[in-house]
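requesting a structural model of the entry that follows:
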Amino acid sequence: MASFLFQASLAVSGLVGSALGSALSIRGHDRPGHGNCPPFNNGTFEIHQWQLYPDMARFDFHTCLLYISSLFNGTLVTYDPYAATTISITSFPGISDVYDEHASGIHLSPTTGILSLVIDAQPAFLTGGANTSGDYWLIKYSTRSRRELWRANLTSATDAKWSGFQDVAVDRRGNSYVIGTYPSSILRVDASGHELFPWVPPATPNTTVHGYTGVASLPDRDLLLVVDSNNVPEELSEGDSLLWRFDMRDAVGRPERIRVLPEGTKLGVPDAIHLPERYGGRVMLLSLNYVGVTVLRSRDGWRTAEFRGIWRSDFPAFFQRIIPSTVQIGEKLFAVGQRFPGEIVAGTKGGNQSDFPFFDITAEVESLLA
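Predicted structure coming up:
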């Protein structure tokens with residue numbers, strides 16, 4: 001995610017650590033029945049964690065814990081938002097300690113607690129797709145047993161002929177759909193991690209064409225939703241991105257364009273997209289790195305999308321701070337605040353920042369939907 005963040009940070013490698021607070025309970029605030037979490041009454045808050053650099057976060061509605069991809073460190077951070085405490089930092093051997101490997105897209109299954117994490121390689125994002133070298137991975141991690149289940153090397157399916165994999169969604173059969181950016185592509189990985197298939201192969205051999213950047217799914221409807229930058233990098237605010245829908249039952253991906261209403265609406269250049277749980281898949285939040293968050297709503301199963309407006313933030317600053325993604329915690333909605341690392345701390349992958357804001361946008365989103 002946030003490809004330009006790599007372009008602004010040419011020297012990023014190392015490791016924060018493999019575990020923190022291992023004596024703390026991982027169960028968090030488990031609740032019987034439907035796993036409802038207690039009300040999360042915080043408004044905007046900060047996570048005080050050195051070199052966190054959050055790219056994406058997902059909330060577990062059973063354990064009430066937050067899982068965060070720590071971009072530059074290539075690690076997975078488990079955080080208790082109720083206690084404002086980092087529970088653990090999970091490193092992945094051969095990945096977290098490799099210079100070019102970074103943690104980006106996350107999908108968390110609400111029923112199994114299996115987390116899917118995309119590990120992307122720096123070269124493509126540094127060069128706008130000109131250099132497609134490096135290993136890309138899909139990692140499956142059990143949040144219940146706190147262990148890596150398996151990993152699949154995505155580069156083995158592409159022979160580095162295309163790349164930029166940065167986000168993932170999962171269907172009800174356990175297949176994962178990993179989107180690539182340089183150029184647009186989707187790899188389907190089966191539930192075992194053994195079979196990797198170019199479900200949507202690149203339409204061009206030109207790897208500098210900037211394509212898919214975000215993905216979300218509605219597994220019960222076999223619906224995959226993808227945002228396409230339409231060859232405009234995420235660091236540019238002005239653009240005319242496209243939205244596509246796919247039927248995950250298809251043997252190969254067949255894109256169907258989602259019409260955005262009113263006609264002529266421009267979506268800019270979103271990074272991640274998110275379907276907040278509180279709206280049952282009818283509302284989409286699109287993160288605009290240097291702008292804020294766009295709100296869309298669909299009343300017809302995402303054949304069309306209604307533009308409702310933009311939550312604008314004064315947090316972003318060019319090559320300093322961005323809004324890469326959004327997350328629902330309890331019943332509240334938050335925009336993730338990411339800082340650029342600046343000068344790299346020797347022997348690590350990141351800078352010296354420790355404070356990363358999560359902006360409460362619940363009231364603003366509700367107002368736009370009214």
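
OK, contacts around the nearest residue to residue 272 once chain neighbours are set aside?
Closest residue to residue 272 apart from its sequence neighbours, by Cβ to Cβ, 6 or more residues apart in numbering: residue 325 at 4.0 Å. For every residue, glycine as well, the C-beta is placed using N, CA and C. By Cβ atoms under 8 Å, 6 or more residues apart in numbering, the contact set of residue 325 is 1, 54, 55, 56, 57, 271, 272, 274, 287, 335, 336.

and the strand or helix carrying residue 226, how far from the chain's centre?
Using DSSP states H and E, the element containing residue 226 is strand 223-228. Strand 223-228 sits 13 Å away from the centroid of its parent chain (Cα atoms, centre = their mean, to the nearest Å).

quick one: contacts of it?
With contact meaning Cβ under 8 Å, 6+ apart, strand 223-228 is reached by 169, 171, 177, 179, 184, 186, 211-218, 241-248, 253, 255, 258, 267, 270, 273, 275, 284, 286, 301-302.

and for stretch 136-146?
26, 60, 63, 65, 67, 76, 78, 88, 90, 92, 95, 101, 108, 112-121, 147-155, 163, 165, 168, 176, 178, 189, 193.

and stretch 100-115, end to end?
Using Cα to Cα, to the nearest Å, one end of stretch 100-115 lies 22 Å from the other.

flag every buried residue along that stretch.
With burial defined by 16 or more other Cβ atoms under 10 Å, the residues of stretch 100-115 counted as buried are 100-109, 113-115.

so which of those residues belong to strands?
Taking DSSP state E as the definition of strands, the buried residues of stretch 100-115 contribute 101, 102, 103, 104, 105, 106, 107, 108, 114, 115.

would you format these as a markdown table with pLDDT and distance to residue 355 included?
What follows is these, written out as a markdown table (pLDDT from 0 to 100; distance: Cβ to Cβ, whole Å):
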| residue | pLDDT | distance to residue 355 |
| --- | --- | --- |
| 101 | 94 | 25 |
| 102 | 96 | 21 |
| 103 | 97 | 20 |
| 104 | 97 | 21 |
| 105 | 98 | 24 |
| 106 | 98 | 21 |
| 107 | 98 | 27 |
| 108 | 98 | 25 |
| 114 | 98 | 31 |
| 115 | 98 | 25 |
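
so which of the contacts of strand 223-228 are in strands?
Among the contacts of strand 223-228, the residues falling in strands (DSSP E) are 169, 177, 179, 186, 212-218, 242-247, 273, 284, 286.

residue ranges in the stretch 251-370 of the chain under the pLDDT threshold?
By pLDDT under 70, the stretch 251-370 of the chain has no low-scoring segment.

in ChimeraX, how would I select just the buried ones from the contacts of strand 223-228?
Here is the ChimeraX command that picks out the buried ones among the contacts of strand 223-228, judged by 16+ other Cβ under 10 Å:
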select :169,171,177,179,184,186,211,212,213,214,215,216,217,218,241,242,243,244,245,246,248,253,255,258,267,270,273,275,284,286,302
